[in-house]
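>>> build me a structure from this.
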Amino acid sequence: LFGHMIAGALMVREDEATEAQEHVIETQLVLKIDQSLGNCPKYFNKKHITPATAKPVLVTETLQLCQDGLDLIAKADLFFISSAQNEIDMDTNHRGGPVGFVRVLSNEASGAVLVWPEYSGNRLYQTLGNLKVNPVAGICIPDFDNGSMLYLTGTTEILIGADATKVLPRSNLAVQFKVTAARFVSEALTFRGERGEASPYNPPVRYLASEKQNIVPQDFQLSQATLLKQTKLTPTISRFKFALSNAARHKAGQYVTFDFSSRLDIGYSHMRDDDPLSINDDYVRTFTVSSPPGDPPRPTQRLKDDEFEVTVRKVGRVTEELFKHTGTENGDRVPLEVGVKGFGGDFEINTTAGKAAFIAAGIGITPLLSSLDNLENLSVIWTIRKEDVGLVQDVLKEGPGIASRLRLFVTDASSEVTSSEDALLSELEKHGVQIERRRLQKSDLELGGVETVFLCTAVPMRKQLMEWLPGTRLVFEDFNF
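Predicted structure coming up:
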C-alpha cells in the first residue's frame with residue numbers, strides 16, 4: 001500500500017478502576033490509499049500471532065551492530081524494506097526465506113554490511129527498480145520471539161550475475177546493504193509470533209563466499225561429462241561412471257560439481273505448487289568423487305585418466321533424472337551429458353600423522369572410497385540401514401583390507417530382514433566385519449589411541465558425535481552451499 005495520512009491520533013489509556021493513567025499509548029491513523037499491489041505469500045513462513053504490550057527501550061544505535069542485533073539477523077526469516085522512486089512515491093515490501101537467509105558480510109565501526117539473495121518473484125521489480133534509481137533503503141527486522149526490532153537505514157548495491165556469485169555463491173541476483181544508521185529497540189512490537197510451517201518455496205540458505213573454504217571448484221570453466229555406466233548397488237544407491245572431455249583432475253576426498261540446468265530448468269514460473277523448490281533451483285549439485293585420482297598412478301586403478309565415479313543416493317529431482325539413465329556402456333542410445341563446473345573440497349582421509357577413525361552414516365562412506373589404498377592406521381565405524389547392505393558389499397570388494405577394521409551398525413536390523421540381506425550380513429561377518437544390529441551409542445566410541453576422527457554424517461548426527469567426543473580432533477566438511 002502507498003498513500004497519505006489524512007489524520008492521526010495518540011491517546012493515553014486510563015485505568016477504569018483507579019482512573020490512573022497507564023503508560024500505554026494507542027495510535028490511530030487514517031490513510032488515503034493512492035496505490036496498492038497484492039503480494040504473493042511465496043516466501044512467508046507461517047506464524048501464530050498473539051497480542052503483547054510494547055515497552056520499547058532503545059538499546060543501541062551504533063553503526064557496528066550489537067550482539068543482540070547480530071543474533072536477530074541470524075535467526076530472521078523475514079524483514080521489511082522501504083524504498084522510494086526519488087520524490088515520486090515509495091514502497092514498503094517484504095523479503096522472506098529460510099532462517100539465516102540474510103548474511104552479515106562485515107560489521108565494522110564504519111557500518112555493518114548485509115547481503116541477501118533476491119529469489120524468483122513476480123517480476124514486477126518494485127523494490128529493485130526503486131533501488132536502481134535511488135540506492136537507499138530502510139529495513140525493519142522483527143524478533144517474533146521477544147518483540148525486539150532492528151531498524152536500519154543504508155545504501156544499497158544490486159549485484160547481478162558474476163558480481164552476485166562472487167559474494168553469495170549460487171546466486172544470480174543479490175542486494176548488498178551498507179548501514180548508515182541503526183537502532184536496536186527491545187520489546188518494540190505489540191505482538192509475538194510462534195513459528196509455524198515454513199514455506200515450501202524456501203531454497204536452502206546461501207552462504208557468503210567468505211564463510212566457506214574451497215567453495216569455488218578449482219576449474220570453473222564448464223566442461224561436459226558423459227555417463228558411461230550406472231551400477232545399481234542398493235534399491236536407492238548407484239555408482240555412476242563418467243568420462244570428461246579432458247583428463248579428470250581431482251584429489252582424493254574432493255567433490256565434483258555438476259550443472260543439470262540444461263536438462264531440468266524449464267524457465268520462469270511465478271508459482272509452482274507441484275514442485276515449489278524448483279522455483280529457485282539452479283540444478284547445480286555436488287557429489288563426492290568415489291574413485292581414486294589418476295595422479296599418482298596406482299596399481300589398483302581401473303579407470304582411464306578421463307574417467308571418474310560418484311556413488312549417489314536417489315533423493316530429489318536431480319538424482320531422479322540421473323537414475324533414469326543407465327549409461328552408454330549399458331546400451332543407452334542417447335548419451336547423458338551434463339555440465340561439470342570442476343572439482344573442489346579438501347577432505348582427504350589421511351592417516352600418516354597417527355591412528356585415526358572414520359565415522360560415516362549411509363552414503364557418507366564415499367569420501368573414504370578414493371583413499372582405500374592408504375588406510376593402514378584407520379578404524380571405521382559405519383551406520384547403515386539394512387537395505388543398504390549391498391553398498392557395504394561393494395565397498396569391501398573395492399577395498400577388502402578394510403573388513404577387519406570395520407564396525408558396522410545396522411540401525412533397523414530388528415525389523416524384518418530378507419533372506420538376501422541376511423545372507424549378505426553373514427558373508428560380511430565371515431570376512432571379519434564386526435556387525436552390531438542396533439544404533440550407535442556413546443559407549444561405542446571408546447577409541448583408544450585415536451588422535452583424529454573424520455566425520456561424514458548428516459548434521460544432527462554430527463552434532464551428537466561432537467558432544468560424545470569432547471577434546472578429540474574432529475575433521476569434517478560442510479556441503480551447505
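
>>> and the strand or helix carrying Asp163, what does it pack against?
Using DSSP states H and E, the secondary-structure element containing Asp163 is helix 162-167. On a contact count with 3 or more Cβ pairs under 8 Å, 6 or more residues apart in numbering; DSSP states H and E, helix 162-167 meets strand 173-186. All C-beta spots, glycine's among them, are computed from the backbone N, C-alpha and C.

>>> who does the strand it packs on pair up with?
Here strand 173-186 is paired, per DSSP bridges, with strand 57-60 (antiparallel), strand 111-117 (antiparallel), strand 149-160 (antiparallel).

>>> can you give me the strands for the stretch 151-300 of the chain?
Listed in chain order, the strands of the stretch 151-300 of the chain (DSSP state E, counting those that start in this stretch) span 173-186, 191-195, 223-232, 237-244, 255-259, 284-288.

>>> in a markdown table: the ones you listed, plus mean pLDDT, mean neighbour count and distance to Asp332.
Below are these laid out as a markdown table (pLDDT from 0 to 100; neighbours: other Cβ atoms under 10 Å; distance: least, Cβ to Cβ, whole Å):
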| stretch | mean pLDDT | mean neighbour count | distance to Asp332 |
| --- | --- | --- | --- |
| strand 173-186 | 97 | 19 | 36 |
| strand 191-195 | 94 | 15 | 46 |
| strand 223-232 | 93 | 18 | 7 |
| strand 237-244 | 94 | 22 | 12 |
| strand 255-259 | 89 | 22 | 17 |
| strand 284-288 | 89 | 20 | 19 |
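
>>> could you dump the ones you listed into CSV with distance to Arg437 added?
Formatted as CSV, the strands of the stretch 151-300 of the chain follow (distance: least, Cβ to Cβ, whole Å):
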stretch, distance to Arg437
strand 173-186, 49
strand 191-195, 38
strand 223-232, 25
strand 237-244, 20
strand 255-259, 32
strand 284-288, 27
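
>>> adding mean pLDDT, mean neighbour count and distance to Thr383, write the strands paired with strand 173-186 out as JSON lines.
As requested, those are arranged in JSON lines below (pLDDT from 0 to 100; neighbours: other Cβ under 10 Å; distance: least, Cβ to Cβ, whole Å):
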{"stretch": "strand 57-60", "mean pLDDT": "96", "mean neighbour count": "13", "distance to Thr383": "46"}
{"stretch": "strand 111-117", "mean pLDDT": "97", "mean neighbour count": "22", "distance to Thr383": "35"}
{"stretch": "strand 149-160", "mean pLDDT": "97", "mean neighbour count": "19", "distance to Thr383": "42"}
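
>>> can you say which of the ones you listed is nearest to Asp265?
When these are compared by Cβ to Cβ, strand 111-117 sits nearest Asp265, at 17.2 Å.

>>> only alpha carbons, please: show the closest one as CSV.
C-alpha atoms of strand 111-117 as CSV (Å, rounded to 0.1, in the frame of the first residue of the first chain):
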residue,chain,number,x,y,z
GLY,A,111,28.8,0.4,9.4
ALA,A,112,27.8,-3.2,9.1
VAL,A,113,27.2,-4.6,5.6
LEU,A,114,24.4,-7.1,4.9
VAL,A,115,23.7,-9.3,1.9
TRP,A,116,20.6,-11.2,0.9
PRO,A,117,19.7,-13.1,-2.2
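
>>> buried residues in the helix or strand following it?
Scanning forward in sequence from strand 111-117 by DSSP H and E, the next helix or strand is helix 126-133. By neighbour count with 16 or more other Cβ atoms under 10 Å, helix 126-133 contains the buried residues Gln126, Thr127, Leu128, Asn130, Leu131.

>>> just give the nearest non-adjacent residue to the first one, would you?
This points to Gln126. Spatial nearest neighbour of Gln126, chain neighbours left out: Asp91 (5.2 Å); criterion: Cβ to Cβ, 6 or more residues apart in numbering.
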